[in-house]
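Student: only geometry, no sequence info:
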């Protein structure tokens, strides 16, 4: 199927051609016709499946058609995209710029952590589409800068991450200000009970689009597992980075201070690196991301929250320097590579203390991650050592424990 077969308007097709896109991804193929029919949509899709275009393209078209042939439309706020992170908001804004370049529509992106003056000025000049993170949107609503009374299209993106980051109550407050009659597009990679309840409350007779079952890994990703002692992880990472085929790699740590320390150690080893996490300023985060995209640095060390909105073309390698304590997070992490049908490699380090996390991950993805043996920092006895019963936790309990710990460490990420 081509984009032409999806009944998109010529200006939208021209923009897609400019971007070099000719064939829609599965979620775009399934979602775009539903949105153009003005139906509510429940989209279950992992990162890297093309869901941003799945809602951006048809909403742009619907807004343009509603304006008709007006030469000077008033640009009332008609569409709201709510997303959990600044990076993801910026990414969505860039997509709207690209896909709407031949349409007389205005959009703006708002998020916290920066002065609000320029955001307020842009909104007051009139925007058709607003892309926002929950905190800054609520601030501007309270200041009466933003009114949601005329919203016709509401897109809630990365709903499960909203839950992880503690934004669900903010989302509910925002929803309470939306008109009852609107078209809602709801996207989430996973559907935990609280998110399912939110979807049930928000959506009216939705069409469900599911392109990849929740918590399954991309088949094209080559997964590799390295057992090692905790104190040898940095040396193992440096050893692997001696391979010139790893031109750029996203490395995951659990905590922000671990990301800073590892980036510093890698730079001392002659490997250009920067860290990105929630305690970095917006300017620093964007600079690190741009340096990584332009290959000015080779390694970007990130925490999960900071990495959620990262969209990097041709990222061939992801390394789990520390395994996540929630198995679903593993799926999101490795999904940063192998995007849009490309191949990718996901390498995970595992020490003695992380073997319970590894067990839960392999239960979730329903496969064993292939082990790389005989490397310089290997622990052969760890390959087959079973987890003592006293250390084994049922999967549901493990998830509950992970949520408790996450609440504790969230402020440090």
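Tutor: Thanks, I have the structure now. As the structure is a prediction and not an experimental result, all values here were calculated from the model. Numbering: from 1, shown residues only.
Student: What ranges does the stretch 1-150 of the chain have for its helices?
Tutor: Secondary structure of the stretch 1-150 of the chain (DSSP state H, counting those that start in this stretch): helices located at 10-19, 26-36, 51-67, 86-99, 117-125, 134-142.
Student: Nearest approach to residue 370 belongs to which of those?
Tutor: helix 26-36 (26.9 Å; CB to CB). Every C-beta, even on glycine, is put in place using the N, C-alpha and C of the backbone.
Student: for that closest one, packing partners?
Tutor: Applying 3 or more CB pairs under 8 Å, 6 or more residues apart in numbering; DSSP states H and E, one finds that helix 26-36 makes contact with strand 41-44, helix 51-67, strand 183-188, strand 207-210.
Student: where does residue 222 fall, helix, sheet strand or coil?
Tutor: Using DSSP: H, G, I helix; E, B strand; the rest coil, the three-state assignment for residue 222 comes out as strand.
Student: so what's the backbone phi/psi at the spatially closest residue to it that is not a sequence neighbour?
Tutor: Closest residue to residue 222 apart from its sequence neighbours, by CB to CB, 6 or more residues apart in numbering: residue 345 at 4.6 Å. Per-residue torsions, residue 345: phi -130, psi 130 (degrees, to the nearest 10).
Student: Let me see the contact set for residue 345.
Tutor: 221-224, 316-318, 337 (CB atoms under 8 Å, 6 or more residues apart in numbering).
Student: now with 10 Å?
Tutor: 221-224, 245-246, 249, 316-319, 334, 337-338 (CB atoms under 10 Å, 6 or more residues apart in numbering).
Student: wait, which of those is closest to residue 166?
Tutor: So of these, ranked by how close each gets to residue 166 (CB to CB), first place is residue 334, at 24.4 Å.
Student: still on that earlier bit, out of the helices of the stretch 1-150 of the chain, the one nearest residue 108 is which?
Tutor: Comparing the helices of the stretch 1-150 of the chain against residue 108 with CB to CB, the closest turns out to be helix 117-125 (4.3 Å).
Student: from the chain's centre, how far out does that closest one sit?
Tutor: How far helix 117-125 lies from its chain's middle: 26 Å, per CA atoms, centre = their mean, to the nearest Å.
Student: and it, what other elements does it pack with?
Tutor: Using 3 or more CB pairs under 10 Å, 6 or more residues apart in numbering; DSSP states H and E, the elements in contact with helix 117-125 are strand 107-110, strand 129-132, helix 134-142.
Student: 8 Å - rerun?
Tutor: Applying 3+ CB pairs under 8 Å, 6+ apart, one finds that helix 117-125 contacts strand 107-110, helix 134-142.
Student: just to revisit the earlier point, I'd like the contacts of residue 345 laid out as JSON lines, including distance to residue 181, pLDDT and neighbour count.
Tutor: Formatted as JSON lines, the contacts of residue 345 follow (distance: CB to CB, whole Å; pLDDT from 0 to 100; neighbours: other CB atoms under 10 Å):
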{"residue": "221", "distance to residue 181": "42", "pLDDT": "87", "neighbour count": "19"}
{"residue": "222", "distance to residue 181": "48", "pLDDT": "92", "neighbour count": "15"}
{"residue": "223", "distance to residue 181": "46", "pLDDT": "95", "neighbour count": "21"}
{"residue": "224", "distance to residue 181": "51", "pLDDT": "96", "neighbour count": "15"}
{"residue": "245", "distance to residue 181": "54", "pLDDT": "90", "neighbour count": "7"}
{"residue": "246", "distance to residue 181": "52", "pLDDT": "92", "neighbour count": "16"}
{"residue": "249", "distance to residue 181": "48", "pLDDT": "94", "neighbour count": "23"}
{"residue": "316", "distance to residue 181": "46", "pLDDT": "87", "neighbour count": "17"}
{"residue": "317", "distance to residue 181": "47", "pLDDT": "93", "neighbour count": "22"}
{"residue": "318", "distance to residue 181": "43", "pLDDT": "95", "neighbour count": "24"}
{"residue": "319", "distance to residue 181": "48", "pLDDT": "97", "neighbour count": "27"}
{"residue": "334", "distance to residue 181": "40", "pLDDT": "88", "neighbour count": "28"}
{"residue": "337", "distance to residue 181": "41", "pLDDT": "83", "neighbour count": "24"}
{"residue": "338", "distance to residue 181": "40", "pLDDT": "68", "neighbour count": "22"}
